[in-house]
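> Sequence first, then the predicted structure, then my questions.
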Amino acid sequence: MARTSPNIVITGTPGVGKTTHCELLAERTGLKHLSVNDIVKDRECHEGWDEEYESWIVDEDKLLDAMEEQVLQGGCILDWHACDLFPKSWVDLVVVLRVDSMTLYDRLSARKYPEIKLQENLDSEIMEVLLQEARDSYDEEIVVELQSNTADDMDVNVDRIEAWLKQWKENNAAN
Ligand code: DAT
């Protein structure tokens with residue numbers, strides 16, 4: 001069955017501003033913010049805790065099963081630091097947030113990330129790993145790269161996504 005409201009993935013390196021964007025976007029649009037991290041934790045879609053990286057070892061099959069019913073109804077914002085696991089059929093727009101290295105360093109230091117995790121995430125941002133993953137996994141025209149350095153950036157980004165949402169609804173109502 002066709003969705004009457006789209007699903008949007010907001011992705012990027014940890015610390016780029018995914019959750020902050022998703023919360024604002026959900027508040028403004030009424031779309032549902034699905035924090036994939038919370039689903040992994042709450043629905044136990046993992047094979048334990050990685051002490052070195054201080055993160056869950058995700059069981060992707062279990063995670064997709066836990067999310068499927070809700071996502072297929074549409075109107076979800078998926079908040080996760082990866083995107084290639086989500087089936088193409090689930091996703092209408094992929095937003096890859098980007099941030100300057102110094103800003104990311106400050107944000108991750110404030111979170112007291114272990115040094116190894118901090119360095120890996122900085123490298124990942126510099127090497128555009130998430131942007132490449134998104135481009136490799138989805139059609140080029142649904143992948144958008146947006147800057148997330150300042151509060152103004154965030155406002156502009158959320159305005160853009162809102163405008164896209166309005167257009168999507170008009171296009172899909174016509175079909
Ligand atoms: P993520 O969900 O990608 O890990 P977050 O939304 O938790 O990131 O943001 C990490 C911190 O950075 C948080 O203190 C809010 C701040 N932040 C995020 N995006 C920002 C932006 N565009 N301008 C200013 N601060 C931002």
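The structure has been received and is ready for your questions. Residues are numbered from 1 along each chain as shown.
> where does the residue in the chain that the ligand sits nearest to fall, phi/psi-wise?
Using Cβ to the nearest ligand atom, the single residue of the chain nearest to the ligand is residue 17, 2.5 Å away. Bear in mind the C-beta positions are built from the backbone N, C-alpha and C, glycine included. Here is the backbone geometry of residue 17 (degrees, to the nearest 10): phi 120, psi 20.
> Now do the contacts for it.
97, 99, 148, 154 (Cβ atoms under 8 Å, 6 or more residues apart in numbering).
> go on, residue 12?
Per Cβ under 8 Å, 6+ apart, neighbours of residue 12: 18, 81, 96, 97, 98, 99, 125, 130, 148.
> Rebuild those residues as a markdown table, extending it with neighbour count.
Shown next, in a markdown table, are the contacts of residue 12 (neighbours: other Cβ atoms under 10 Å):
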| residue | neighbour count |
| --- | --- |
| 18 | 27 |
| 81 | 18 |
| 96 | 24 |
| 97 | 26 |
| 98 | 19 |
| 99 | 21 |
| 125 | 25 |
| 130 | 24 |
| 148 | 24 |
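> Need the contact partners of the top helix by length along the chain.
Taking DSSP state H as the criterion, the chain has its longest helix at helix 151-174. Outside helix 151-174, the residues within contact range by Cβ under 8 Å, 6+ apart are 2-6, 8, 17, 20-21, 24-25, 28-29, 31, 92-93, 95, 97, 144, 146-148.
> Can you give me the buried ones in that helix?
Using 16 or more other Cβ atoms under 10 Å as the test for burial, helix 151-174 gives 153, 154, 157, 158, 161, 164, 165, 168.
> same question, stretch 86-98
For stretch 86-98, using 16+ other Cβ under 10 Å, the buried residues are 86, 90, 91, 92, 93, 94, 95, 96, 97, 98.
> Between those residues, which sits nearest residue 43?
Residue 43 has its nearest neighbour among the buried residues of stretch 86-98 in residue 86, at 16.0 Å by Cβ to Cβ.
> That closest one and residue 121, how far apart?
Between residue 86 and residue 121 the distance, using Cβ to Cβ, to the nearest Å, works out to 21 Å.
> on that earlier part again, out of the buried residues of stretch 86-98, the closest to residue 62 would be?
Using Cβ to Cβ, the buried residues of stretch 86-98 come closest to residue 62 at residue 86, 14.3 Å.
> what about the closest one, which helix or strand?
Per DSSP states H and E, residue 86 falls between elements, in no helix or strand.
> Wait, it touches residue 72, no?
No: using Cβ atoms under 8 Å, residue 86 is not in contact with residue 72; the gap is 11.8 Å.
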